[in-house]
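> Need the 3D shape of this:
(chains A and B, ligands or ions: 2)
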Number of protein chains: 2
Amino acid sequence: MATRKAEINGKRPFRLKEYTFSCEDVPRLSCTDPEVDRLISNEQPVVITDTNLVSSALHWDLDYLGKNMGDGMFTVYSSHTNKFKYFDDKKGNNVKNFREPMRHLDMTFQDFAKRLCNKKPEDESLYMQQTLNDSVGRRIVVDFLGFNWNWITEQQKKHNWGQLTANLLLVGTEENITPSHYDEQQNFFAQIKGKKRFILFPPSQFGCLYPYPIYHPHDRQSQVDFDDPDFEKFPEFKKAAALEAVVGPGDVLYLPTYWWHQVECVQGTGLNISVTFWYKCGPTDKIEYPLKPQQKVAMMRNIEKMINQALNDPKEVPEFMQNMVLGRYT
Amino acid sequence: MATRKAEINGKRPFRLKEYTFSCEDVPRLSCTDPEVDRLISNEQPVVITDTNLVSSALHWDLDYLGKNMGDGMFTVYSSHTNKFKYFDDKKGNNVKNFREPMRHLDMTFQDFAKRLCNKKPEDESLYMQQTLNDSVGRRIVVDFLGFNWNWITEQQKKHNWGQLTANLLLVGTEENITPSHYDEQQNFFAQIKGKKRFILFPPSQFGCLYPYPIYHPHDRQSQVDFDDPDFEKFPEFKKAAALEAVVGPGDVLYLPTYWWHQVECVQGTGLNISVTFWYKCGPTDKIEYPLKPQQKVAMMRNIEKMINQALNDPKEVPEFMQNMVLGRYT
Ligand SMILES: [Zn+2]
Ligand SMILES: [Zn+2]
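Ligands and ions are numbered 1, 2, ... in the order given. Here you go, the predicted structure:
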């Protein structure tokens, strides 16, 4: 696969894979720029460079976290490949012969840190993905309280979002990739260590990304393998056009609800640490027509859920869907 | 098109078109046969030969009806072809350049009778389709009261149907065809004069019949032209397998809800008169899985209605449907 060099923030150059689709840059702006407000209001992604959202955590590394994270158990995924494709194990039985693409482990942060340090190239890749909770040590609590809650709470209010639901701590190595999917919440994604590259597609390109059926363990994930797209099965993927952002320590990416994102740790940028700030969507405004793409995605999800519930058997869903649509709305 | 001779009830032979699909006969049974109950309970069609449902009307002809139907206005459709494809003119604007396949006229029964008598072969075909109401003359009221309400009300109660909603009087000539569609009510179809041939498909073959989108004026009609099926556009129609019934004076066909029916007046059998008895469906029993085909059809209709209402623009519906299904449930 082709790669290209990129230089961001005057730091050392690194290699980024090139894909079959075009990539435009997400704007990088200061939090004092009024354009930031406009973009967030319009639910468009933006990298904000100087929020100081996680300045109090920029000293985090394996050693410090290992010493201060406490003895709680952390969720770690282990993968034969460098891809960590999320799956919902409650939906595993809905699909015949579903093979879990990664393993779920539980370990203390110290055990995780040890395994990362001793990791040989042929070992499985590891990715910690743990919601921060109150089992962490005192110094982490202090760092956490030092987050710029003023700024982020102001954003939450200004944009009429619901409550903060979780902060996910992500710790991984530089080859790790989270394949393309969408989430159902607003997200400020704060980078702490290493660099991450985001490949983004707007909700209007739902039809190009071919998410798995809603009953599938990979619900909300794209079926398209960006490294080798099957254009026969997924012809609309030819029309996909991405936005791209590379974030480094201190950067915050606003990742709007229902935006597709593949997240790649950037080769050559070492240990990778991030924290997400997930907020519930706000109440919907007065309905205006035509509906927004994200409203249509929400509607599709509800219809799919309803059909699954009514038929009471995921095996009956594809034929039902086909009968409703093929030769009628195609 | 190939034809075959048929002989029913020992009456004179007539010609029936042959189609691309197979046709099995609907059972013909006496109303005393317990099998009739079983078939109606299972919502399967049956021709019942001796109900005496419309015995009091078997003397109806153009002359008698013209003299006794009163001066009310009757709905008559006029068609360049012999096909009378129903359309909902409230939905006409949902489809660009929709052309109405027949004209709607209003005239007294006597004017209709005159036009039928004076009709030359090159004139448009005519089909009266009028709900019986209380504008009719005294003798028709007497005939109507003489219908076998005992028998039919017993059926309604036994099978837990809702109320009688309408009796449609159908008067047409022997070339008239009503193309394949389904209705949303239970129907006892009573033949009075001439013969009608029914081509029936069960609701389980919904996927073979390709009904128009729900917002289309031809909602509930098949897009497939039985005389020249487009197997490229409608490949599943190859799997369609019909039931067939020919009814003559005194016969009653039980036509269950959501069963597809094309209704053809039979060439050589002269003036054609029928009356339908439409009943609302009963309350649904306790839901059992898997759902019945007719429950799935009802569900699809509700989903389609909901999507149309939510998007508020029929032009947006096809893309929405495609995005939800193509490459995902196909
Ligand atoms: Zn995500
Ligand atoms: Zn009908």
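
> Check the spacing between the closest residue to A:Val136 other than its chain neighbours and A:Ile140 real quick.
Counting by C-beta to C-beta, 6 or more residues apart in numbering or on different chains, the nearest residue to A:Val136 once its immediate chain neighbours are dropped is A:Gly70, at 5.2 Å. Using the backbone N, CA and C atoms, a C-beta is placed for each residue, glycine as well. In this view, A:Gly70 and A:Ile140 are 8 Å apart by C-beta to C-beta, to the nearest Å.

> Then A:Ala190?
Going from A:Ala190 to A:Ile140 by C-beta to C-beta gives 15 Å.

> what do you get for A:Asp313?
Look at A:Asp313 and A:Ile140: by C-beta to C-beta, they are 46 Å apart.

> Have a look at these two and say which one is more surrounded.
The neighbour count for A:Asp313 versus A:Ile140, taken as other C-beta atoms under 10 Å in any protein chain shown, is higher for A:Ile140 (21 against 12).

> hang on, isn't the more buried one packed against A:Gly66?
No. Using C-beta atoms under 8 Å, A:Ile140 is not in contact with A:Gly66; the gap is 11.2 Å.

> so A:Thr173 makes contact with A:Ser125?
Yes. Taking contacts as C-beta under 8 Å, A:Thr173 lies within contact range of A:Ser125: 6.5 Å.

> who's more crowded, the two?
A:Ser125 (20 against 16).

> how about the more buried one, what does it touch?
Taking C-beta atoms under 8 Å, 6 or more residues apart in numbering or on different chains, we find A:Ser125 in contact with A:78-82, A:84, A:172-173, A:175-176.

> For chain B, tell me whether stretch A:209-222 is touching it.
Yes. Under the criterion of C-beta under 8 Å from any C-beta of the partner chain, stretch A:209-222 makes contact with chain B via A:210-213.

> picking that back up, emit the ChimeraX select command for whichever of the contacts of A:Ser125 are buried.
Restricted to buried positions by 16 or more other C-beta atoms under 10 Å in any protein chain shown, the ChimeraX selection for the contacts of A:Ser125 reads:
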select /A:79,82,84,172,173,176
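
> Out of the contacts of A:Ser125, which is nearest to B:His104?
Closest approach to B:His104 among the contacts of A:Ser125 (C-beta to C-beta): A:Phe84, at 63.2 Å.

> Was I right to think the closest one contacts A:Thr75?
No. Counting by C-beta under 8 Å, A:Phe84 stays clear of A:Thr75, with 11.5 Å between them.

> circling back: now the residues of stretch A:209-222 next to chain B in a markdown table, with neighbour count and distance to A:Ser180?
As requested, the residues of stretch A:209-222 next to chain B are exported to a markdown table (neighbours: other C-beta atoms under 10 Å in any protein chain shown; distance: C-beta to C-beta, whole Å):
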| residue | neighbour count | distance to A:Ser180 |
| --- | --- | --- |
| A:Tyr210 | 22 | 10 |
| A:Pro211 | 26 | 9 |
| A:Tyr212 | 18 | 12 |
| A:Pro213 | 20 | 16 |
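
> And the nearest residue to A:Gly207 once chain neighbours are set aside, which helix or strand is it part of?
Using C-beta to C-beta, 6+ apart and skipping the chain neighbours, the partner closest in space to A:Gly207 is B:Asn323 (3.8 Å). For B:Asn323, the host element (DSSP states H and E) is helix B:317-325.

> Going by neighbour count, which residues in that helix are buried?
B:317, B:320-325.

> Give the other helices and strands that the lengthiest helix in chain A contacts.
With DSSP state H setting the assignment, residue counts place helix A:293-311 as the longest helix in chain A. Contacts defined by 3 or more C-beta pairs under 8 Å, 6 or more residues apart in numbering or on different chains; DSSP states H and E place helix A:293-311 against helix A:206-209, helix A:317-325, helix B:293-311, helix B:317-325.

> could you dump the ones you listed to a markdown table with distance to B:Thr131 and mean pLDDT?
Formatted as a markdown table, these follow (distance: least, C-beta to C-beta, whole Å; pLDDT from 0 to 100):
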| stretch | distance to B:Thr131 | mean pLDDT |
| --- | --- | --- |
| helix A:206-209 | 44 | 98 |
| helix A:317-325 | 31 | 98 |
| helix B:293-311 | 23 | 98 |
| helix B:317-325 | 31 | 98 |
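
> How about A:Phe35, nearest residue that isn't a chain neighbour?
For residue A:35 the amino acid is Glu, not Phe. Per C-beta to C-beta, 6+ apart, closest to A:Glu35 is A:Leu29, 5.7 Å.

> ok, the residue nearest to A:Val136 - contacts?
A:Gly70 neighbours (C-beta under 8 Å, 6+ apart): A:109, A:135-137, A:140.

> how about 6 Å then?
Shown in contact with A:Gly70 (C-beta atoms under 6 Å, 6 or more residues apart in numbering or on different chains): A:135-137.

> For the residue nearest to A:Glu35, give its distance to B:Arg15.
The gap separating A:Leu29 from B:Arg15 is 79 Å, by C-beta to C-beta.

> you'd agree A:Lys83 is up against A:Ile177?
Yes. Between A:Lys83 and A:Ile177 there is a contact under C-beta atoms under 6 Å: 5.0 Å.

> Domains of chain A: list them as residue ranges, please.
As given by automatic domain parsing, the domain ranges for chain A are A:3-279, A:293-325.

> Up against chain B, what does chain A have?
Proximity of chain A to chain B (C-beta under 6 Å from any C-beta of the partner chain) is limited to residues A:206-207, A:210, A:213, A:234, A:289, A:299-300, A:310, A:312, A:318, A:321, A:323-325, A:327-329.

> What mean pLDDT does the host helix or strand of A:Val246 get?
Here A:Val246 sits within strand A:241-247, counting by DSSP H and E. For strand A:241-247, mean pLDDT is 98.

> Quick one: residues in contact with the helix or strand just after that strand.
Using DSSP H and E, the helix or strand that follows strand A:241-247 in sequence is strand A:252-255. With contact meaning C-beta under 6 Å, 6+ apart, strand A:252-255 is reached by A:40, A:45-48, A:51, A:53, A:187-190, A:245, A:247.
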